[in-house]
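**Student:** predicted model and sequence below, questions to follow.
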Amino acid sequence: MPLPLKRTIYTGTFISTPTPTTLEILENHAIAVDEHGVIIDRIAFPPKREDSVLSPSRDEVVGWVERNWGTEDGWEWVRVGEGREGRGWWFPGFVDTHIHASQYPNVGIFGKSTLLDWLNTYTFPLESSLSSLTIARRVYSSCVARTLSHGTTTASYFATKHVASTNLLADICMQKGQRAFIGRVCMDNDLNPDYLRDESPEQAVEDTKATIAHIDSVDPNHALITPIITPRFVPSCSSPLLSGLGALAKESYLPIQTHLSENTSEIALVRRQFPTHNSYSHVYDTHGLLTPKTVLAHCVHLSPEERILLKERRSKISHCPVSNTSISSGLCPVRVLLDDGIDVGLGTDVSGGYSASILVAAREAAMVSRTLAALIAEEEPQSEEKDQQGVDPDKELLAKHSTSAKDRKKLSVEECLYLATKGGAKCLGFEQRVGGFEVGMEWDAQLVELDDAAEDGADEDGEEEEEEEEGRADAGAAGPVELWGRETWGEMVAKWLFCGDDRNTKKVFVRGRLVHERR
Ligand SMILES: Nc1nc2[nH]cnc2c(=O)[nH]1
Ligand SMILES: [Zn+2]
């Protein structure tokens, strides 16, 4: 049982993305969090004379606490690293909307495979080994600890078909304090290997209910852990199983997660399996599985009709760019999905994706959008062709080099970080509770600090100049991100997105509980 929480004041700079296009930067602020982990107040302190002091003083904090709550007794104070306020900030915890905890031992192992051979070669044999609770305990403990260290405060997990080890994953998340959606994976048809197949559709539904009952017993209000109904994907499921899970979702009001339109061979397989259906999405829809609480991973190759259907059903998409490039599934056109008004979050899709870090997923989302922008520009007609059509070649050349059309395809730093936090929370239906720093939200946050060694580099005996001339001799000791003192907040955040890693994630909190600290 976790210890009761202390009421806590957090101070320093708070950065978040309340909308996809805003980076909100609150300097010299304090946030008060109650013993239930809920934000109950926040305040901006007057700017200081010295620019470098971005946190309130002790007197200011004590004064605020006493004015509001009568006494400072019973309050803790946690701030961005002492004397280093200019290089650190609080950021909402990351939301991983799609990750296979059971595949964690395989991160980085995928060779040159694509989805269907990857499943048979690497994935199914590994998942089968999680019938052992001893193996499951090792795998799940490592996966949860690792994702927490990367700042993931919420994860939507696929486990395996095994009920006992799936329930163990829920227990481990509960014990380590990670907010999680836990899915027992359903897969009953002949396309699955004998060693990893549900006995029958009825049994698969019963086993799913067993995991739901377990989670209800350990976390009755789903304050931290929520069951999620998880058909693996259409090629793994019979029509009776899909219907059974659709009916269960309806009666239980629970969310659903699955895969959709990840790879072209998979889509061809679904067409052969369900020849009378208009599309892959239509198969889910006719089985009652496209709801506002459905999170669909990938959606790389959706048709315009499928996008309209998803928008109508208000179903969500988990964009998994690292996986899509690793197992060469394709480049997901996220800008098109967003323009259609579909809610999108980010997933690591471990171990299709080679990294358990949502920061890496956010970075790759930016890169995939830039690749798409470049490809679209190349597809434009060549100038000679246009010339024959009577278009002024000079104007055409200018248009070709105009950045506006291409740039619109690219996801900005703000958008990528929004998808990693509030966007993901919206996909999982709790953007009112996590993903930002509003009063009433829960304190799911990470403390980010850059440039570890800079403080040590500034010594008193004149060596600093020498170091500046020669550059940093100890590159790497400073952590992955070097600062030069000229960066704005926006630039520091961009450096973190593109160059940072878990060395920059110093503390992680879920519902006000410290769940990871980097020492
Ligand atoms: N990326 C990915 N796609 C899938 N489709 C069906 N199962 C899986 C899986 O485990 N990973
Ligand atoms: Zn997946």
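**Tutor:** That came in fine, so what should we check first? Ligands and ions are numbered 1, 2, ... in the order given.

**Student:** residue contacts, residue 435?
**Tutor:** Taking Cβ atoms under 8 Å, 6 or more residues apart in numbering, we find residue 435 in contact with 16, 92, 95, 421, 422, 423, 424, 425, 426, 441, 444. (C-beta placed from N, C-alpha, C; glycine too.)

**Student:** which ones among these map onto strands?
**Tutor:** 16, 92, 95 (DSSP state E).

**Student:** who wins for neighbours among the contacts of residue 435?
**Tutor:** residue 424 (36 neighbours; other Cβ atoms under 10 Å).

**Student:** so which bits of stretch 58-66 are buried?
**Tutor:** 60, 61, 62, 64, 65 (16 or more other Cβ atoms under 10 Å).

**Student:** so the last one is in contact with residue 73, correct?
**Tutor:** No. In terms of Cβ atoms under 8 Å, residue 65 does not count as a neighbour of residue 73; the distance is 9.4 Å.

**Student:** okay if I get the buried residues of stretch 58-66 as a markdown table plus secondary structure, pLDDT and distance to residue 9?
**Tutor:** Shown next, in a markdown table, are those (DSSP: H, G, I helix; E, B strand; the rest coil; pLDDT from 0 to 100; distance: Cβ to Cβ, whole Å):
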| residue | secondary structure | pLDDT | distance to residue 9 |
| --- | --- | --- | --- |
| 60 | helix | 94 | 10 |
| 61 | helix | 95 | 6 |
| 62 | helix | 96 | 9 |
| 64 | helix | 96 | 8 |
| 65 | helix | 97 | 7 |
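
**Student:** okay if I get those residues as CSV plus distance to residue 353?
**Tutor:** Shown next, in CSV, are the buried residues of stretch 58-66 (distance: Cβ to Cβ, whole Å):
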residue, distance to residue 353
60, 44
61, 41
62, 46
64, 43
65, 43
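
**Student:** adding distance to ligand 2, write those residues out as CSV.
**Tutor:** Formatted as CSV, these follow (distance: Cβ to the ion, whole Å):
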residue, distance to ligand 2
60, 48
61, 45
62, 49
64, 46
65, 46
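
**Student:** now the ones in strands among the contacts of residue 435 in JSON lines, with distance to ligand 2 and pLDDT?
**Tutor:** Shown next, in JSON lines, are those (distance: Cβ to the ion, whole Å; pLDDT from 0 to 100):
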{"residue": "16", "distance to ligand 2": "28", "pLDDT": "98"}
{"residue": "92", "distance to ligand 2": "24", "pLDDT": "98"}
{"residue": "95", "distance to ligand 2": "16", "pLDDT": "99"}
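
**Student:** which among those residues gets closest to residue 26?
**Tutor:** Checking these against residue 26 with Cβ to Cβ, the nearest one is residue 16 at 8.3 Å.

**Student:** so the closest one touches residue 437, yeah?
**Tutor:** Yes. Look at residue 16 against residue 437 with Cβ under 8 Å: they come within range, at 5.4 Å.

**Student:** now the common contact residues for these two.
**Tutor:** Listed as contacting both residue 16 and residue 437 by Cβ under 8 Å, 6+ apart are residue 92.

**Student:** I'd guess residue 258 is in a strand, am I close?
**Tutor:** Yes. Under DSSP: H, G, I helix; E, B strand; the rest coil, residue 258 sits within a strand.

**Student:** one step back: and ligand 1, which of the buried residues of stretch 58-66 reach it?
**Tutor:** Among the buried residues of stretch 58-66, not one lies near ligand 1 by Cβ under 6 Å from any ligand atom.

**Student:** so where's the stretch 251-400 of the chain shaky on pLDDT?
**Tutor:** By pLDDT under 70, the weakly predicted segments of the stretch 251-400 of the chain are 377-391, 393, 396-400.

**Student:** which bits of it sit near ligand 1?
**Tutor:** Taking Cβ under 6 Å from any ligand atom as the contact definition, the stretch 251-400 of the chain meets ligand 1 at 259, 262, 323, 349, 352.

**Student:** check the stretch 51-200 of the chain too.
**Tutor:** 100, 115, 119, 123.

**Student:** residues contacting the last one?
**Tutor:** Taking Cβ under 8 Å, 6+ apart as the criterion, residue 123 is in contact with 100, 103, 106, 351.

**Student:** is it true that the last one touches residue 101?
**Tutor:** No. Here residue 351 lies out of contact with residue 101, judged by Cβ under 8 Å, at a distance of 10.0 Å.

**Student:** what about those two, which has more around it?
**Tutor:** For residue 351 and residue 101, the more surrounded residue by other Cβ under 10 Å is residue 101, and the numbers stand at 29 against 26.

**Student:** what is the neighbour count of the residue of the chain found nearest ligand 1?
**Tutor:** Nearest residue of the chain to ligand 1: residue 352, at 3.3 Å (Cβ to the nearest ligand atom). Neighbours of residue 352 under the rule other Cβ under 10 Å: 33.

**Student:** tell me the buried residues in stretch 434-449?
**Tutor:** Buried-residue list, stretch 434-449, by 16+ other Cβ under 10 Å: 434-437, 441-449.

**Student:** any residues touching the helix or strand where residue 203 lies, and which ones?
**Tutor:** Per DSSP states H and E, residue 203 falls inside helix 201-218. The contact list for helix 201-218 (Cβ under 8 Å, 6+ apart) reads 161, 163, 166-167, 170-171, 174, 182, 184, 186-188, 198, 222, 225-227, 229-230, 238, 240-241, 244-245, 248, 252, 254.

**Student:** by contact count, what packs against the helix ranked longest in the chain?
**Tutor:** For the chain, the longest helix by residue count, based on DSSP state H, is helix 358-379. If contacts are counted by 3 or more Cβ pairs under 8 Å, 6 or more residues apart in numbering; DSSP states H and E, helix 358-379 sits against strand 94-100, helix 321-326, helix 334-339, strand 344-346, helix 403-409, helix 413-418, helix 489-499.

**Student:** so the first one versus strand 256-260, what angle?
**Tutor:** Using axes from the mean of the first three to the mean of the last three Cα atoms, to 10 degrees, the direction of strand 94-100 lies 70 degrees away from that of strand 256-260.
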